[in-house]
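**Student:** Have a look; sequence and predicted model below, questions after that.
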Amino acid sequence: MQKWLNGCKAAMTRRLLAGALAIAVVGTVATLNFTKSATAAAAPTPAAAALDDNSVGALVTLDQAMETLAARVTPAVVNVTVVSKAHEQQSSMEGTPDMQQFFGPDGPFGGQGNQFGRHFNFQQQPQNRIEHGLGSGVIISPDGYIVTNNHVIDGAVDIRVTMSNREVYPAKLVGADPLTDLAVIKIKGSNFPSVPFGNSASLHPGQTVLAFGNPYGFQFTVTRGIISALNRPNPDVSDRRKPGEFIQTDAAINPGNSGGALVNAHGELIGINTFLISGSGSFSGMGFAIPTQIVEPTVETLIRDGKVTHAFMGVSISDVTPDNAKFFNMDKAQGALISDVQPDAPGAKAGLRTGDVITELDGKPVTDAGQLQMLVGQKRPGDTIHLQVVRESRPTNVAVTLEALGGDKGTETASSEHKGRWGLKLADLTPDVRNELQSRDSQLQKSVHGAVVEDVLPGSPADNAGLQQGDVIMEVNRHATKSASDVAQALSGVPNGQDALVLVWSNGGSTFRVLHATQG
């Protein structure tokens, strides 16, 4: 009996073990199957295939062209670092709120190195302070001549040039020209990579350009854009002798780009980056370069003579515009309008007059004041230029021999108010008033006579024409005025509905302004 019971227990145990084993095997298989299913569900769907070259061939070709262009020019672009004596006053461009040059006390080294002094009000001694600055340059010849901006090297006691291969060279100053803001430095050696000059006169808005430089100390940066506009005027109202004709570009340029290259699609140098206009001090879509029409002759003179002696006529000029053309009987708004002739200057000696419109120089058409200034700037003192001038609707020829440009309140104020359509309050230019104006405008000439603008009514024709307090109205409709009453009488005599032309001395120079008649 006992033997039979033991046999039954053994059989039961075997059955239980077999069932457990079967359950374990089934569970294992189920686990494996579940794992496989989960793994299969988590696998990502393959991404779409990349576009083939046939689909984006134009973009690939453009990229390859830009890469070739950048590789060609970059070795000729240099990083310029200087140690310079600090100036007690910043330049006038640096003091203009919305216009920032790419180098100076607020640059990557000049500004950042002075954080403690600015934040903790440490006393400084400007006469002994040394500044470190950063800019850019471009090699224009295999023997090591480099073009940069004058404001990059101004006051430098030590200049170092870093190449794209990280080699560092000491550089010497060959010559500088503050008026054009250009300078030439040189490094010793030969067979340096260089960039050829291009012709900025053949440029057109919309053309592709590349800008090279060292913005914020990030060396050898390349940006791409287009030419946004040409022939932009000189924005520095403190010195109207400075030439304009700037190239405007949207290629990103920032502090540190000063002196860098602006090149065309052929790798030719068409401009030297020099300033930007921005409310923040960094790039906002408007950068400006000096065109090679100014750069190339200036550089040649600096290399040859070490300095530039500029020629001048001694006249103030402005554009002929659609607004003022009718007052000078001009069919087209083209030419350079003379708004002032300096006594005893070459222009005065040749017989040029205020109100003359210069339409040609040595047979070349003059389209605007900036072009005339650039053409004269390419001449040398002693050269004689032949002008075609429209005077009182009649063309005449005038030969001007250029000369070298030099470095150059008693009775009660009787006020009168011209109410109504013009929005002007005027005063006589007495000796006391003249002295006060000269304290703000050192270029105010003794020959300037007329009425001082005391106040301008907002939204009036005078306000719309840009007149402001302190301006001097010297003429009304081509007739000279000597006093506030003269101006008031002349403006009162303008028939209702007609515009008035006034010659105004403002910010160091004289310009013609049109006061548009109010409607209704």
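**Tutor:** Received it, and whenever you're ready, just let me know what you need. Fair warning: this is a prediction, and the values are worked out from it, not measured in the lab. Numbering: from 1, shown residues only.
**Student:** can we go C-alpha only for contacts and neighbour counts from here?
**Tutor:** Noted.
**Student:** Now do the same for the residue nearest the centre of the chain: helix, strand or coil?
**Tutor:** The residue lying closest to the centre of the chain (Cα atoms, centre = their mean) is Phe288, at 3.0 Å. Recorded secondary structure, Phe288: strand (DSSP: H, G, I helix; E, B strand; the rest coil).
**Student:** who's in contact with it?
**Tutor:** Contact analysis of Phe288 by Cα atoms under 8 Å, 6 or more residues apart in numbering lists Phe246, Ile247, Gln248, Thr249, Asn273, Thr274, Phe275, Leu276.
**Student:** quick one: Gly306 from Ala261, how far?
**Tutor:** 22 Å (Cα to Cα, to the nearest Å).
**Student:** Hmm, Asn435 and Gly470 touching each other?
**Tutor:** No - using Cα atoms under 8 Å, Gly470 is not in contact with Asn435; the gap is 11.8 Å.
**Student:** Settle it for me: which of these two has more neighbours?
**Tutor:** Legend: neighbour count by other Cα atoms under 10 Å for Gly470 and Asn435, higher for Gly470 (22 against 15).
**Student:** How about the biggest strand by length in the chain, which residues are buried there?
**Tutor:** In the chain, assigned by DSSP state E, the strand with the most residues is strand 221-232. Residues Thr221, Val222, Arg224, Gly225, Ile226, Ile227, Ser228, Ala229, Leu230, Asn231, Arg232 are the ones in strand 221-232 that count as buried (16 or more other Cα atoms under 10 Å).
**Student:** Among these, which pair sits farthest apart?
**Tutor:** Thr221 and Asn231 (25.9 Å; Cα to Cα).
**Student:** before we move on, back to that, got the contacts of Phe288 as CSV, with pLDDT, distance to Lys172 and secondary structure columns?
**Tutor:** Formatted as CSV, the contacts of Phe288 follow (pLDDT from 0 to 100; distance: Cα to Cα, whole Å; DSSP: H, G, I helix; E, B strand; the rest coil):
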residue, pLDDT, distance to Lys172, secondary structure
Phe246, 94, 28, strand
Ile247, 95, 28, strand
Gln248, 94, 30, strand
Thr249, 94, 31, strand
Asn273, 95, 21, strand
Thr274, 91, 21, strand
Phe275, 88, 24, strand
Leu276, 85, 27, strand
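**Student:** ok, and the most crowded of those residues?
**Tutor:** Comparing the contacts of Phe288 by number of neighbours (other Cα under 10 Å), Asn273 comes first, having 33 neighbours.
**Student:** hey, what's that one bridged with?
**Tutor:** Beta-bridge partners for Asn273, by DSSP bridges, are Ala289.
**Student:** Lys172: helix or strand, and which one exactly?
**Tutor:** Using DSSP states H and E, Lys172 falls within strand 168-177.
**Student:** And Met66, by the same measure?
**Tutor:** Per DSSP H and E: Met66 is located in helix 57-73.
**Student:** swap in Thr396?
**Tutor:** Here Thr396 is assigned to strand 394-401, by DSSP H and E.
**Student:** Look up how far Ala265 lies from Gly225.
**Tutor:** From Gly225 to Ala265 the distance is 11 Å (Cα to Cα).
**Student:** again with Pro431
**Tutor:** 58 Å.
**Student:** Next: Thr518.
**Tutor:** On the measure of Cα to Cα, Thr518 and Ala265 end up 49 Å apart.
**Student:** quick one, helices of the protein?
**Tutor:** Ranges of helices within the chain are 2-42, 57-73, 115-120, 150-153, 292-305, 346-350, 369-377, 431-440, 461-464, 484-492, based on DSSP state H.
**Student:** Compare the mean pLDDT across these and name the weakest.
**Tutor:** Ranked by mean pLDDT, the helices of the chain bottom out at helix 115-120, with a mean of 28.
**Student:** for the stretch 401-520 of the chain, which spans come out with low pLDDT?
**Tutor:** Filtered on pLDDT under 70, the stretch 401-520 of the chain yields the residue ranges 407-420, 441-445, 519-520.
**Student:** 90 - rerun?
**Tutor:** Low-confidence segments of the stretch 401-520 of the chain (pLDDT under 90): 404-423, 425-451, 454-470, 482-486, 488-490, 492-498, 505-511, 516-520.
**Student:** hmm, back to that, spit out the residues that contact Gly225 and Ala265 alike.
**Tutor:** Joint contacts of Gly225 and Ala265 (Cα under 8 Å, 6+ apart) are Thr208, Val209, Leu210.
**Student:** What is the neighbour count of the first one?
**Tutor:** Spelled out, it's Thr208. 16.
**Student:** does it really touch Thr223, like I thought?
**Tutor:** No - the criterion here is Cα under 8 Å, and Thr208 misses it with Thr223 at 10.8 Å.
**Student:** next one: phi and psi at the closest residue to Gln371 other than its chain neighbours?
**Tutor:** Once flanking residues are discounted, Gln371 sits nearest to Glu245: 6.9 Å by Cα to Cα, 6 or more residues apart in numbering. Dihedral pair for Glu245: phi 60, psi 30, per degrees, to the nearest 10.
**Student:** Let me see the contact set for Leu269.
**Tutor:** Here Leu269 is in contact with Val195, Pro196, Phe197, Gly198, Ala261, Leu262, Val263, Thr292 (Cα under 8 Å, 6+ apart).
**Student:** Against Ser190, how distant is it?
**Tutor:** Leu269 is 20 Å from Ser190, by Cα to Cα.
**Student:** what's the answer for Asn254, then?
**Tutor:** When Asn254 is compared with Ser190 (using Cα to Cα), they lie 31 Å apart.
**Student:** ditto for Gly135
**Tutor:** 23 Å.
**Student:** The two: who's more crowded?
**Tutor:** Gly135 (32 against 10).
**Student:** Which positions are bridged to that one in the beta structure?
**Tutor:** Val80.
**Student:** That one contacts Val83, doesn't it?
**Tutor:** No - counting by Cα under 8 Å, Gly135 sits too far from Val83 to count as a contact (11.6 Å).
**Student:** Where does the prediction get shaky in the stretch 151-300 of the chain?
**Tutor:** If you take pLDDT under 90 as the line, the stretch 151-300 of the chain has these spans: 155-157, 214-220, 231-245, 252-257, 275-286.
**Student:** From Gly267, how far out is the closest residue to Thr401 other than its chain neighbours?
**Tutor:** The shortest distance from Thr401 to any non-neighbouring residue, by Cα to Cα, 6+ apart, is to Thr384 (4.1 Å). For Thr384, the distance to Gly267 (Cα to Cα) stands at 36 Å.
**Student:** repeat for Val184
**Tutor:** Distance from Val184 to Gly267, by Cα to Cα: 20 Å.
**Student:** Could I get the contacting residues of Met286?
**Tutor:** Gln248, Thr249, Asp250, Leu276, Ile277, Ser278.
**Student:** do Leu405 as well
**Tutor:** So Leu405 contacts Thr309, His310, Ala311, Phe312 (Cα under 8 Å, 6+ apart).
**Student:** Let me have these in a markdown table, extended by distance to Val152 and pLDDT.
**Tutor:** A markdown table is the format used below for the contacts of Leu405 (distance: Cα to Cα, whole Å; pLDDT from 0 to 100):
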| residue | distance to Val152 | pLDDT |
| --- | --- | --- |
| Thr309 | 21 | 90 |
| His310 | 21 | 90 |
| Ala311 | 25 | 90 |
| Phe312 | 26 | 87 |
